[in-house]
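> Build me a structure from this.
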Amino acid sequence: MINNFNLNEGIKEKEIRLVGDEESRIISTNEALDLAREKDLDLVMISPNANPPVCRIMDYNKFLYEQAKKQKESKKNQKVIKIKEVKLSATIEEHDIDVKANNAKKFLAADNKVKVSIRFRGRQNNYTSVGNEVFKTFVEKIGDIGTVEKPAKLEGNNMIMILAPKKN
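The predicted model follows:
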């Protein structure tokens with residue numbers, strides 16, 4: 001929640017720019033406070049860095065409520081993308097690739113991204129081209145539902161590739 005605004009007696013400047021619906025004028029802080037009290041509202045500093053600082057007369061609690069409401073609404077419209085991981089091996093068999101590809105298809109169908117990784121151990125590090133072949137086979141298996149977002153890349157002992165669901 002946004003509540004870092006100076007208000008009422010917390011405003012220490014002598015002169016402020018008071019903005020309203022159709023007017024904007026420079027008056028003393030005491031006059032603005034008197035106007036706010038007459039209307040039974042709060043004097044809120046909107047822009048403290050301006051010269052003179054900009055203030056507005058409003059119901060502060062209602063303002064905070066509406067800010068929180070807007071924030072909640074914007075969070076509601078956001079889509080969280082999850083990354084699921086499928087681990088393969090350089091010596092994986094065809095049937096095992098099919099099983100892993102089916103799992104990846106389920107993840108992609110649920111609009112999740114899939115991180116496919118192969119860990120090379122010991123002497124396998126000398127044969128990373130085998131990992132590329134495994135990735136090619138894997139991508140062929142899921143080609144109808146997903147696309148390669150980030151191609152295979154060797155990072156230390158791991159080769160990683162990211163797949164994303166195809167756009168409809």
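> Residue ranges in this structure under the pLDDT threshold?
Applying pLDDT under 70 to the chain picks out residues 1-4, 168.
> Show me the domain layout of it.
Domain assignment for the chain by automatic domain parsing gives 8-73, 83-165.
> quick one: the shortest one to chain centroid distance?
Going back to what we said before, that points to domain 8-73. 31 Å (Cα atoms, centre = their mean, to the nearest Å).
> got the end-to-end distance for it?
29 Å (Cα to Cα, to the nearest Å).
> mind giving me TSV with the domains of the chain and columns for mean neighbour count?
For glycine as for every other residue, the C-beta is placed from the backbone atoms N, C-alpha and C. Shown next, in TSV, are the domains of the chain (neighbours: other Cβ atoms under 10 Å):
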stretch	mean neighbour count
domain 8-73	14
domain 83-165	16
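> Which strands and helices lie in contact with the longest strand along the chain?
Ranked by number of residues, the top strand in the chain under DSSP state E is strand 146-155. Strand 146-155 is packed against helix 94-109, helix 128-142, strand 158-165, with contacts defined by 3 or more Cβ pairs under 8 Å, 6 or more residues apart in numbering; DSSP states H and E.
> Can you list the strands that that strand pairs with?
Strand 146-155 has its sheet partners listed here by DSSP bridges as strand 158-165 (antiparallel).
> tell me the angle the strand it pairs with makes with helix 94-109.
Angle of strand 158-165 versus helix 94-109, following axes from the mean of the first three to the mean of the last three Cα atoms, to 10 degrees, is 50 degrees.
> got the CA positions of strand 158-165 in PDB?
In PDB, the C-alpha atoms belonging to strand 158-165 read as follows (Å, rounded to 0.1, in the frame of the first residue of the first chain):
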ATOM      1  CA  ASN A 158      24.900 -28.900 -17.600                       C
ATOM      2  CA  MET A 159      23.400 -28.300 -21.000                       C
ATOM      3  CA  ILE A 160      20.200 -26.300 -20.800                       C
ATOM      4  CA  MET A 161      17.400 -25.500 -23.200                       C
ATOM      5  CA  ILE A 162      14.100 -23.600 -22.500                       C
ATOM      6  CA  LEU A 163      10.900 -24.400 -24.300                       C
ATOM      7  CA  ALA A 164       7.800 -22.200 -24.500                       C
ATOM      8  CA  PRO A 165       4.200 -23.100 -25.400                       C
END
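> Kind regards, and thank you for your time.
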